[in-house]
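Build the 3D model from these lines:
(one chain, ligands or ions: 1)
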Amino acid sequence: MTDSVANRRQILAKMAAAAKAAGRAADSISLLAVSKTFPAEDMLPLLKAGQRAFGENRVQEAKAKWPALRAQFPDIELSLIGPLQSNKAAEAVALFDVIKSVDRDKIARILAEECRRQHRKLRFFAEVNIGGEPQKAGIKPQETAAFVRHCADAYGLTIEGLMCVPPAEENPGPYFALMEKLAKQAGLKQLSMGMSHDYETAVAFGATEVRIGSALFGARNYAAAAPAAEAGGQ
Ligand SMILES: *Cc1c(COP(=O)(O)O)cnc(C)c1O
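Model (predicted):
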């Protein structure tokens, strides 16, 4: 059995050390526990240890897992970090507190409409395709500031930060550095970047949130997970 509570303690210590090395305050960086493919009961030890921020990639999987946990822990903050189809936007607005994968004009418009319709106040991040990879979601880096402005001006949707997943198998440092620059140019303070294998680097480049899955919960087994998670993700 993976000891997620011990893993969390270690990760928080490494985050604090990386923050200190970068001359940053440890409490300026938060840990998002990425729980995709892991069942609800695996969340309980972490919840009891005080973890409240969780991330899911898929609306259907989150819907099956989180409402019952929220009844027990009302201050859970749930983030959507996977791509969102417009026909799932209504469900996503009902279920999540933060959507970190706003990646195109149409979804920004629909999310703004849904928030008004449901009288819900969510928080939003734009996802940047920082490596310009054709298979990946996200806005083009050079369009970041204009996209953030457009979301506000056209839809009244406030983007408060940026999220990225840099190209796999490459040194992530230069991508994180570019993210930091883009956030500054767009006037944004929040940067969600860094995963299990590169979060200390991300902290060095200004991440305000790291998103950790496998280093907390262990290796993911998509085949054994809920049917909604079967088709993959990363
Ligand atoms: C799965 C996922 C993570 C967590 O990945 P690990 O390498 O397991 O830490 C973070 N961000 C996104 C967008 C993901 O899809």
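
if I look at the residue in the chain positioned nearest to the ligand, how far off is S4?
Using CB to the nearest ligand atom, G213 is the residue of the chain that sits closest to the ligand, at 2.8 Å. Yep, even glycine has a C-beta here, placed from its N, CA and C like the rest. Counting by CB to CB, to the nearest Å, the gap from G213 to S4 is 11 Å.

P141 now?
Distance of P141 to S4, computed by CB to CB: 34 Å.

do E77 as well
Counting by CB to CB, the gap from E77 to S4 is 18 Å.

Between those two, which is the more surrounded one?
Set side by side, E77 and S4 show more neighbours around S4, with 23 against 14, by other CB atoms under 10 Å.

pLDDT wise, what is the more buried one at?
S4 is assigned 97 on the pLDDT scale.

Contacts only, for it.
Going by CB atoms under 8 Å, 6 or more residues apart in numbering, S4 touches 42, 45-46, 216-218.

Could you say which of those is surrounded by the most neighbours?
Most crowded among those, counting by other CB under 10 Å, is L216 at 25 neighbours.

What's the separation between it and D105?
According to CB to CB, L216 and D105 sit 34 Å apart.

ranges for the helices of the protein?
For the chain, the helices defined by DSSP state H cover 4-21, 43-48, 59-72, 89-95, 105-118, 144-155, 173-186, 199-204, 214-217.

deepest of these, which one?
Ranked by mean neighbour count, those are led by helix 199-204 with a mean of 23 (mean count of other CB atoms under 10 Å).

thought E209 was touching K189?
No. If you go by CB atoms under 8 Å, E209 and K189 don't touch, sitting 11.3 Å apart.

Between these two, which contacts overlap?
With CB under 8 Å, 6+ apart as the test, E209 and K189 both reach G161.

which of those two has more neighbours?
A direct count of neighbours by other CB under 10 Å for E209 and K189 places E209 higher, at 25 against 11.

ok, the more buried one - contacts?
Contact analysis of E209 by CB under 8 Å, 6+ apart lists 29-32, 53, 161, 190-193.
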